[in-house]
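>>> what shape does this take:
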Amino acid sequence: MPGVLDGAGLHFKSMKSSHNDQRYIALDFDQTVSFYEHYEGPEKVGAPIQEMVRKVKEEMQQGTTFCIFTARVNPGDAGPEESLDATKSFLAIAEWTQKVFGQLLAITHEKSPHFTEIWDDRGRQVLPNTGVFVTELMDAQ
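Okay, the predicted model is just below:
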């Protein structure tokens, strides 16, 4: 198996991008790095979640690149109003990242093969090529 199970948990080798050896992390926006309770419009973004902001900044100092990964910027196919809302959200999130991280981060709604990790409040990690949830292995200890 590609990882090691030890007392501290599972540790896997990162799948590196074919372009370089740096980590490229997709960072979910709402409820992961930005506080969110309910939708208040495309331009309304929550306060930074300081614990996650600290982790991201620490990783950035180590050379890790981040991309905001959010459905908010998906223009969808419902028509011009939804497309305009996606644009408004994109601009609001871009301004937020500049203010919070001191730099503009890439923003997308699409998964990329270049992502080495995804940090998200909804994801459930699966052991590669097995169909086994990582939590199943942890529960078996």
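
>>> report the central residue of this protein.
Geometric centre of the chain, nearest residue: residue 27, 1.7 Å, by C-alpha atoms, centre = their mean.

>>> kindly state the beta-bridge partners for it.
residue 68, residue 119 (DSSP bridges).

>>> by contact count, what packs against the lengthiest helix in the chain?
Ranked by residue count and defined by DSSP state H, the top helix of the chain is helix 80-101. Counting by 3 or more C-beta pairs under 8 Å, 6 or more residues apart in numbering; DSSP states H and E, the packing neighbours recorded for helix 80-101 are helix 50-61, strand 65-69, strand 106-108. Using the backbone N, CA and C atoms, a C-beta is placed for each residue, glycine as well.

>>> what's the most buried one of the ones you listed?
The highest mean neighbour count among the helices and strands packed on helix 80-101, using mean count of other C-beta atoms under 10 Å, belongs to strand 65-69: a mean of 21.

>>> for burial, what's the neighbour tally of residue 119?
Number of residues near residue 119 (other C-beta atoms under 10 Å) recorded here: 18.

>>> thought it was touching residue 25?
Yes - using C-beta atoms under 8 Å, residue 119 is in contact with residue 25, at 6.0 Å.

>>> list the residues that contact the residue nearest to the centre of the chain.
The neighbours of residue 27, taking C-beta atoms under 8 Å, 6 or more residues apart in numbering as the test, are 33, 56, 66-69, 105, 119.

>>> cool, and residue 32?
Going by C-beta under 8 Å, 6+ apart, residue 32 touches 49, 52, 119-121.

>>> so which of those is the closest to residue 74?
Of all these, residue 74 sits closest to residue 120, with 15.1 Å by C-beta to C-beta.

>>> any idea how far residue 88 is from the closest one?
23 Å (C-beta to C-beta, to the nearest Å).

>>> burial of the residue lying closest to residue 85 once chain neighbours are set aside, as a residue count?
In space, residue 85 comes closest to residue 42 once its chain neighbours are excluded; the distance is 4.0 Å by C-beta to C-beta, 6 or more residues apart in numbering. Residue 42 has 20 neighbours, counted by other C-beta under 10 Å.
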